[in-house]
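[1] Let me see the structure of the following:
(chains A, B, C and D)
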Number of protein chains: 4
Amino acid sequence: MERSMSMNYKEASRLIMSEVETALSQVDEDQVAALAEMITGSEKVFLVGVGRVLLSLQAFAKRLNHLGIPAFFVGEINEPALTPKDLLIVGSGSGESLFPVAIAKKAKGLGAKVVHIGSNPQSAMAPVADLLVRIPVQTKLGLPDELQSKQIMSSLFEQSLLLLGDAVALMIASEKNLDIKALWRHHANLE
Amino acid sequence: MERSMSMNYKEASRLIMSEVETALSQVDEDQVAALAEMITGSEKVFLVGVGRVLLSLQAFAKRLNHLGIPAFFVGEINEPALTPKDLLIVGSGSGESLFPVAIAKKAKGLGAKVVHIGSNPQSAMAPVADLLVRIPVQTKLGLPDELQSKQIMSSLFEQSLLLLGDAVALMIASEKNLDIKALWRHHANLE
Amino acid sequence: MERSMSMNYKEASRLIMSEVETALSQVDEDQVAALAEMITGSEKVFLVGVGRVLLSLQAFAKRLNHLGIPAFFVGEINEPALTPKDLLIVGSGSGESLFPVAIAKKAKGLGAKVVHIGSNPQSAMAPVADLLVRIPVQTKLGLPDELQSKQIMSSLFEQSLLLLGDAVALMIASEKNLDIKALWRHHANLE
Amino acid sequence: MERSMSMNYKEASRLIMSEVETALSQVDEDQVAALAEMITGSEKVFLVGVGRVLLSLQAFAKRLNHLGIPAFFVGEINEPALTPKDLLIVGSGSGESLFPVAIAKKAKGLGAKVVHIGSNPQSAMAPVADLLVRIPVQTKLGLPDELQSKQIMSSLFEQSLLLLGDAVALMIASEKNLDIKALWRHHANLE
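    Okay, here's the model as predicted:
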C-alpha cells in the first residue's frame, strides 16, 4: 500500500484525454448534424444499449429530457409504446450485441427511425439503421481503420459516447435558442 | 429543420474537450493516489450520488468489479451491509445534496471510511469526509476559484467524474499488474 | 440436497396467503378511496421508497402509466420537476426511513400533496402526510395493534403494498370506465 | 371526483386475493421443491425478465441475497460472469419474450442450468429449460387450461411470481435452519 502506483494520475488522465480527443475528432460532423435533426424531428426518443454503454445513453436521455425532448431507455419503468413518429438510438460499438439488435429490428418493424452509434460499419445493425454515427474506436472485431486503445475493455467507446451525447445536447440547445440557465425548470427537484 | 444548427459538432466537441482537459489537469495528483489506495485497501466499495453523477459512479462501480473489487451503489438490488472495513465514495459537486450527505453520515457512524469527490471544499461533506478529491468546476455556489463552464447544468462535473474514475481504474490495474486483456473473465457474459 | 425441505411449498404459500389476506382486509376502505381520488386528481404522481418497498412502488408506477397517469419514482432517469399540482406517494412501513421522509418534506415544501402508505401512525411522516393509508403489519417498532408475521423481514408489508397498488389500479380503471383490453396501447412494445 | 368509485377497495382486493389464491394453489409442489434445491445447489443465481415481471424477480433476488445466496438480475451494475455452476431463472408468462429467451439460450450454451417460471408449457423456453415451474394463469396465448383473470394485463402472473418467490425463500430459510431475526446482518444498512 505504501509504494507508489506504477501509473500515476497525470499519466492515466493524459492517456485518456488524448484517446478521447482523437476519437471525437474523427467523428463525421454531418453524421452528428443528421442525428441532432432526427432527434428534434421526432416525437419521442428511445435509447438502447447494455452495460456501461447504457449508462452513457441514460446520461444522454436525462439531458434530452432537460431540453424538453421526451427520452426513455428501453426497459425504463415508464417506457411508453413506440410509434412511427419516434426515434430509436442504439449504442453498440460492435453493432452485434444481441439485445440492442433485436430491439432495433422490432422498432424498425413498428415504423420508427433507427440510428446506430457504433464503431463497426458492417455490423448486424447496418441493414436496420437509417443512420450510422461512427466513433471509429477499437472493437473486439479489430477492423483495419480502428483507433487502438490502451484503456480497459471498451472504456474509450463509452467515454466518447457520453461526450458525443453532450455535444449533441449543446447543439440542440443552441439551435433551439434555449436559455441554458432556465433549463433547471425541467430538472428533478426532489433530491 | 433544414437550416444548419447554430453551433456545429466541431465547436461543441472542442468546447467540451477543452473544459474537461482543464478540469482534469487541475485535480491534485496526491488526492487521486490516496483515493486509489483507499479503494484497494478496502474490503468493499459503496458509491452514492444522484442523477447523472450517479450514472458516472455506476460506470466506475462496474469497472471496479471488473478489476475484482466488489463495488455497489447505494440502492442497488444486491447491496450488502456496510462494515468498518468498507469505503463509501460520495459524488457531489456542491457537497450539499440531501441524500448523499445523509448516507455519508450513516456510513461514518458505522465506522467506514468516506471519500468525497466534489467541487466545494467547504460543504456539509467537509466534516464527514476522510478525503476530498476536488474537481474544481463550477457549482451553483459560485466559489471564487472555480472553473466556469459554458455547458448545460453540471455536465462538466459529470464528464470529469467519469474520466477520473477511469483514470483511477487504470492506475489500480497497473498497480496490481493486471493483464487488461484477461479482465473479461469478470465481465458479464450473458448480453 | 436429497432430503426434503423442512417447510414445503403448500405450507409456505398458505402462510403467506393467510397473512396477506388478513393484512389487506384490515386496510381502511375510505383511506384507499381517498388515495385513488388524490391520484386521479393530480397532474403527475411521484413515488418514493427503498429496497423491496421501492420495487412494489415501481410496479404501481408502471401500472399507473398504463392507465394514462404519468407516474415516476424519485431517482428515475426521466423524473421531471414536481409542482404543486402533483402527488407524492411515500411507501415506508415504519415511516422513519431517512430518504423517503426527507423527500416528503421537500415535496411538501414545494406545495405538492403527500400520501404515506405505511404501518406506523405516529411516525416522522405523520406531520408531513395529507393522508395515511395504513397497512397494520409488523414493523421493527412493535406497535401494540400490529399484525405479527412469520415471514422474513418486511415481506408482508412489501407483498401487501404490491396488491394494494393493484387494487387501486383496478378501482381507477373501473371508475374511468377504461376498457382493460385496450390498455396495451400505453404499454411498452419493444421487448 | 366527488362520486364514489364504481369498484370499491373491498371488491378489488377480494378479486385479487381470490385469483392469487387459486393460482398459487395450482402450482405443483414438486416443481417448487426442485427449484429450491437447484437454487441452494448453485454457486450464483441469475434472473431475467422484463417489465413488472422483472420487478418481482428483483424482489426475489434481494431476498436470496439476504439468505446468503449471491443473486443478480441480468443487466445489473455488478453482474458477474456466469459459469456452469450457476443457475438462470427466467420469468416469463408466455415463455416467448424475446430477450429472456435469448439470454436463456446463451446461459445454456455456457453450461448453466436454466429454470423457467411461466404459464405456457409449450413455449420457446421448453427446449431450453431444465425445469418449468408452472403458474397456470392467463397468457395472451389463451391456453385451454389457463386460469382466466379479471385483472389488468398480466397482473396475476406478476403477483403470483412475487409470492411464489417469497414462498421459496421461506422454504430455503427453513431448510437451512436460518434464524430469520439474524438475517438483517446481510441487509443493506445505509438507507
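
[2] Run a quick neighbour tally on residue A:33.
    18 (other CB atoms under 10 Å in any protein chain shown). Any C-beta I mention is one placed from the backbone N, CA and C, and that applies to glycine too.

[3] And residue A:181, by the same measure?
    When neighbours are counted by other CB under 10 Å, residue A:181 registers 8.

[4] Give the helix, strand or coil label for residue A:88.
    The three-state label given to residue A:88 by DSSP: H, G, I helix; E, B strand; the rest coil is strand.

[5] roughly how far apart are it and residue A:110?
    9 Å (CB to CB, to the nearest Å).

[6] same deal with residue A:169?
    Look at residue A:169 and residue A:110: by CB to CB, they are 26 Å apart.

[7] cool, residue A:102 as well?
    Distance of residue A:102 to residue A:110, computed by CB to CB: 13 Å.

[8] ok, now which ones touch residue A:110?
    Counting by CB atoms under 8 Å, 6 or more residues apart in numbering or on different chains, residue A:110 touches A:82, A:83, A:84, C:189, C:190.

[9] so the third one sits in a helix?
    I take that to be residue A:84. No: counting by three-state DSSP, residue A:84 is not part of a helix but coil.

[10] neighbours around it, how many?
    Neighbours around residue A:84, by other CB under 10 Å: 10.

[11] middle-most residue in chain A, spatially?
    By CA atoms, centre = their mean, chain A has its centre lying nearest to residue A:161, at 4.4 Å.

[12] other SSEs contacting the helix or strand that contains that residue?
    Taking DSSP states H and E as the criterion, residue A:161 maps to helix A:155-175. If you count contacts as 3 or more CB pairs under 8 Å, 6 or more residues apart in numbering or on different chains; DSSP states H and E, helix A:155-175 packs onto helix A:9-25, helix A:29-40, helix A:51-66, helix B:9-25, helix B:155-175.

[13] any chance of the ones you listed in a markdown table, with mean pLDDT and distance to residue D:97 too?
    As requested, the helices and strands packed on helix A:155-175 are arranged in a markdown table below (pLDDT from 0 to 100; distance: least, CB to CB, whole Å):
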| stretch | mean pLDDT | distance to residue D:97 |
| --- | --- | --- |
| helix A:9-25 | 97 | 36 |
| helix A:29-40 | 98 | 29 |
| helix A:51-66 | 97 | 19 |
| helix B:9-25 | 97 | 38 |
| helix B:155-175 | 97 | 32 |
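
[14] Go through the ones you listed and name the closest to residue C:115.
    helix A:51-66 (25.2 Å; CB to CB).

[15] quick one: that closest one near chain B?
    Yes: contact of helix A:51-66 with chain B (CB under 8 Å from any CB of the partner chain) involves A:51, A:52, A:55, A:56, A:58, A:59, A:62, A:63, A:66.

[16] Report the contact partners of residue A:96.
    Counting by CB under 8 Å, 6+ apart, residue A:96 touches A:120, A:123, A:124, A:125.

[17] circling back: possible to save the residues of helix A:51-66 next to chain B as TSV with neighbour count and distance to residue A:139?
    Below are the residues of helix A:51-66 next to chain B laid out as TSV (neighbours: other CB atoms under 10 Å in any protein chain shown; distance: CB to CB, whole Å):
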residue	neighbour count	distance to residue A:139
A:51	20	14
A:52	28	15
A:55	28	19
A:56	28	16
A:58	24	22
A:59	27	22
A:62	24	26
A:63	25	26
A:66	25	31
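
[18] Close to chain C: what parts of chain A are there?
    Counting by CB under 8 Å from any CB, chain A sits next to chain C at A:46, A:48, A:58, A:61-62, A:65, A:70-82, A:88, A:103, A:106-107, A:110, A:185-191.

[19] got the buried residues for stretch A:107-119?
    For stretch A:107-119, the neighbour count (16 or more other CB atoms under 10 Å in any protein chain shown) marks A:107, A:108, A:112, A:113, A:114, A:115, A:116, A:117, A:118, A:119 as buried.

[20] Just the CA trace of it, in PDB.
    In PDB, the C-alpha atoms belonging to stretch A:107-119 read as follows (Å, rounded to 0.1, in the frame of the first residue of the first chain):
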ATOM      1  CA  ALA A 107     -38.600  -0.700 -33.700                       C
ATOM      2  CA  LYS A 108     -38.000  -0.800 -37.400                       C
ATOM      3  CA  GLY A 109     -40.900  -3.100 -37.800                       C
ATOM      4  CA  LEU A 110     -43.100  -0.700 -35.900                       C
ATOM      5  CA  GLY A 111     -42.200   2.100 -38.300                       C
ATOM      6  CA  ALA A 112     -39.800   4.100 -36.200                       C
ATOM      7  CA  LYS A 113     -36.500   5.600 -37.400                       C
ATOM      8  CA  VAL A 114     -33.300   3.900 -36.100                       C
ATOM      9  CA  VAL A 115     -29.900   5.500 -35.500                       C
ATOM     10  CA  HIS A 116     -26.800   3.400 -34.700                       C
ATOM     11  CA  ILE A 117     -24.000   5.000 -32.800                       C
ATOM     12  CA  GLY A 118     -21.100   2.500 -33.000                       C
ATOM     13  CA  SER A 119     -17.700   1.600 -34.400                       C
END
